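**Q** curious how this folds, go ahead:
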Amino acid sequence: MHRKLKRFFAADRRIFLIRDVPTVALAQPRGWCKMHSSYLLWLKLKRASRVVSRHQQRFEKHSRFVKSAKIVEIWQTAILTRRVEQQKVNYMKILIDINHPAHVHFFRNPIGLLKERGHDLMITSRNKEVAVPLLDELNIVHAVLSSQNSGGGLFALGRELVQRDAALYKVARAFKPNAMAAIGGTFVAHVGWLTGIPSLVFYDTENAKLQNAITYPVASKVIVPRCYQSWTPKHSVRYAGYHELSYLHPDRFSPDSDIAERNGLDPNCDNFFIRTVSWQANHDVGESGWNEKLLVMVTEHLSRLGKVHISSEAVLPDSLRKYAYRGKVSDVHHLMAHCRMFIGESATMASECAVLGVPAIYAANTGRGYTDEQEQRYALVANIRQLSWARLREQIEWWLAVPKHEWRARRRKLLDETIDVAAFVVETIEHFATAKS
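**A** Below you'll find the model as predicted:
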């Protein structure tokens, strides 16, 4: 409207603006001599100027709003774009290889934490003992790549090594992970060396000399506890803790007496947990353990003091089958936490009990750095190398005389001097995978 009026009076050249209100000084146009004609024209122009001014104000207000909205929109888009880019940078594909039931426990909390952080995981497994049923109980999706060959021995282990390396190589080429992690790590180290994918090997077993010799040199990173007593390569990391703290740290696990009772605990008497192994693992080559006579003598003695629970990799003799643990594999630690004592030839379970504040007797021909530290530094484990009933009985009687509150105090000291290993595992995997991406 304003532009039309300006064009209409362009010839007269007497339109000017005073305080944004159009005012007209008219010379008498040709043929116009009456004042009322000029007045009427001026009035129309004044009304038109008000309309123009109102539209101008609305337009300016709308322009300010549009500009502000556009700035906000651009700002929000920039933030969202940055977040997406950060997610793209942080998002990783991680492969975790599980070969033993203890590996399931070690990785179950890191697996959950990595998933919460948005990473894509591939879990590969090995059909050994209860590893596969345990993964199924915990609802962890996995792909079985091989099975433990019956009979054990170097030939059987060597054949499985070739088969599993080939199977894992195919999975890694298809999945294309940013990093691979495992306990022991022989398979991920070999495949990582062939494909260029970073491999992180967590381990705590010094006497697996052959396995470590074909693993450590080709692994990208070797991560061991501070108490590890054997050779490690230059590309290794040590931490203050034990594998068992990945799933039994107080921040990750709370013993439940109701769950323990559903899995066999007798709350009216002392409970004892016994563990025997088959000695067919790759770090058990050339080793042997308890004989049947020793197991029977230990069981009969403890059964007179309370209830006995036996977890065995080998088939139990008929006379001992009534003591077999028949609870859920994933709930066994609730039972162990409420036991009076652990006796067995499993270093892992001895360490689990130590972390839970349960005195453990580890009776085996070979030792471990972590059980040695748990004996020397915290007095929660007794390492017995002399596999005789007399020596075991002496240790059992000695530790039954220790008050229960003393075990709790020793456990507190252990926890004060160690870390949450599950969080450490996640941070290590993320840091190393990001650095190599």
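**Q** could you use CA atoms for every contact and neighbour count after this?
**A** Will do.
**Q** can you give me the helices for the stretch 301-437 of the chain?
**A** 332-337, 347-356, 369-376, 389-400, 404-416, 421-436 (DSSP state H, counting those that start in this stretch).
**Q** list the buried residues for the last one?
**A** Judged by neighbour count (16 or more other CA atoms under 10 Å), helix 421-436 contains these buried residues: V421, A422, V425, V426, T428, I429, E430, F432, A433.
**Q** ok, stretch 262-279 next?
**A** 263-266, 270-279.
**Q** got the contact list for it?
**A** 261, 285, 287-290, 302, 305-314, 325-328, 331-332, 335-336, 338-346, 349 (CA atoms under 8 Å, 6 or more residues apart in numbering).
**Q** now the strands for the chain?
**A** 15-18, 21-24, 93-98, 120-127, 143-147, 179-183, 199-202, 221-225, 236-239, 270-276, 306-312, 341-344, 360-363, 381-384 (DSSP state E).
**Q** thought G369 was touching V224?
**A** No - applying CA atoms under 8 Å, one finds G369 not in contact with V224, separated by 10.5 Å.
**Q** who touches both of those two?
**A** D204.
**Q** between the two, which one's more packed in?
**A** The residue with more neighbours, out of G369 and V224, is V224; 22 against 19, by other CA atoms under 10 Å.
**Q** who's that one bridged to?
**A** R238 (DSSP bridges).
**Q** ok, so what distance separates the nearest residue to K413 once chain neighbours are set aside from L415?
**A** Spatial nearest neighbour of K413, excluding adjacent residues (CA to CA, 6 or more residues apart in numbering): Y378 at 7.3 Å. Using CA to CA, to the nearest Å, we find Y378 at a distance of 10 Å from L415.
**Q** tell me how far the residue nearest to H235 when sequence neighbours are not counted lies from V130.
**A** Distances taken as CA to CA, 6+ apart place K221 nearest to H235, at 5.5 Å, with adjacent residues excluded. Between K221 and V130 the computed distance is 28 Å (CA to CA).
**Q** what of A347?
**A** A347 is 17 Å from V130, where distance means CA to CA.
**Q** N207 too?
**A** 23 Å.
**Q** next: E397.
**A** 32 Å.
**Q** show me which of the two is the more surrounded one.
**A** V130 (17 against 10).
**Q** does that one really touch N99, like I thought?
**A** No - between V130 and N99 there is no contact under CA under 8 Å: 10.4 Å.
**Q** in this protein, where is pLDDT below threshold?
**A** 1-90, 149-152, 278-289, 435-437 (pLDDT under 70).
**Q** how about the most centrally placed residue in it, what does it touch?
**A** Taking CA atoms, centre = their mean as the criterion, P110 is the residue nearest the geometric centre of the chain, at 1.4 Å. By CA under 8 Å, 6+ apart, the residues touching P110 are S246, A422, A423, V425, V426.
**Q** between the residues you listed, which is closest to I384?
**A** S246 (25.8 Å; CA to CA).
**Q** ok, that closest one - contacts?
**A** Contacts for S246 (CA under 8 Å, 6+ apart) come out as H105, F106, F107, N109, P110, R252, D420, V421, A422, A423.
**Q** tell me how many other residues crowd the first one.
**A** It stands for H105. 22.
**Q** for the nearest residue to it once chain neighbours are set aside, give its distance to L200.
**A** Take H105 and drop its neighbours on the chain: the residue closest to it by CA to CA, 6+ apart is Y247, 6.1 Å away. According to CA to CA, Y247 and L200 sit 19 Å apart.
**Q** and these two? Which one has more around it.
**A** L200 (29 against 22).
**Q** how near is the more buried one to R108?
**A** 16 Å.
**Q** can you check V201 too?
**A** Distance from V201 to R108, by CA to CA: 16 Å.
**Q** repeat that for N383.
**A** N383 is 28 Å from R108, by CA to CA.
**Q** neighbour count: the two, which is higher?
**A** N383 (24 against 16).
**Q** test my guess that A324 contacts E313.
**A** No - with contacts counted by CA under 8 Å, A324 stays clear of E313, the gap being 10.9 Å.
**Q** excluding sequence neighbours, find me the nearest residue to H103.
**A** Going by CA to CA, 6+ apart, H103 has I183 as its nearest residue, at 6.5 Å.
**Q** could you find the closest non-adjacent residue to L294?
**A** Sequence neighbours aside, W389 is the residue nearest to L294 in space, at 6.3 Å (criterion: CA to CA, 6+ apart).
**Q** in this structure Q163 contacts S146, no?
**A** Yes - Q163 is within contact range of S146, at 7.4 Å (criterion: CA under 8 Å).
**Q** neighbour-wise, which of the two wins?
**A** The residue with more neighbours, out of Q163 and S146, is S146; 19 against 14, by other CA under 10 Å.
**Q** look up how far A260 lies from that one.
**A** Distance, S146 to A260, by CA to CA: 33 Å.
**Q** residues near the closest residue to N99 other than its chain neighbours, how many?
**A** In space, and not counting its chain neighbours, N99 is closest to R126: 4.7 Å by CA to CA, 6+ apart. R126: 21 surrounding residues under other CA under 10 Å.
**Q** from what I can see R126 touches L145, true?
**A** Yes - with contacts counted by CA under 8 Å, R126 reaches L145, the gap being 6.0 Å.
**Q** so what's I384 bridging to?
**A** Bridge pairing for I384 - DSSP bridges - gives A363.
**Q** S346 contacts A360, doesn't it?
**A** No - counting by CA under 8 Å, S346 does not reach A360; the two are 10.2 Å apart.
**Q** ok, the two, which is more surrounded?
**A** Neighbour totals were compared for S346 and A360, and A360 leads with 30 against 21 (other CA under 10 Å).
**Q** related to what we said a few turns ago, for the residue nearest to H103, give its distance to S199.
**A** Taking CA to CA, one finds I183 at 11 Å from S199.
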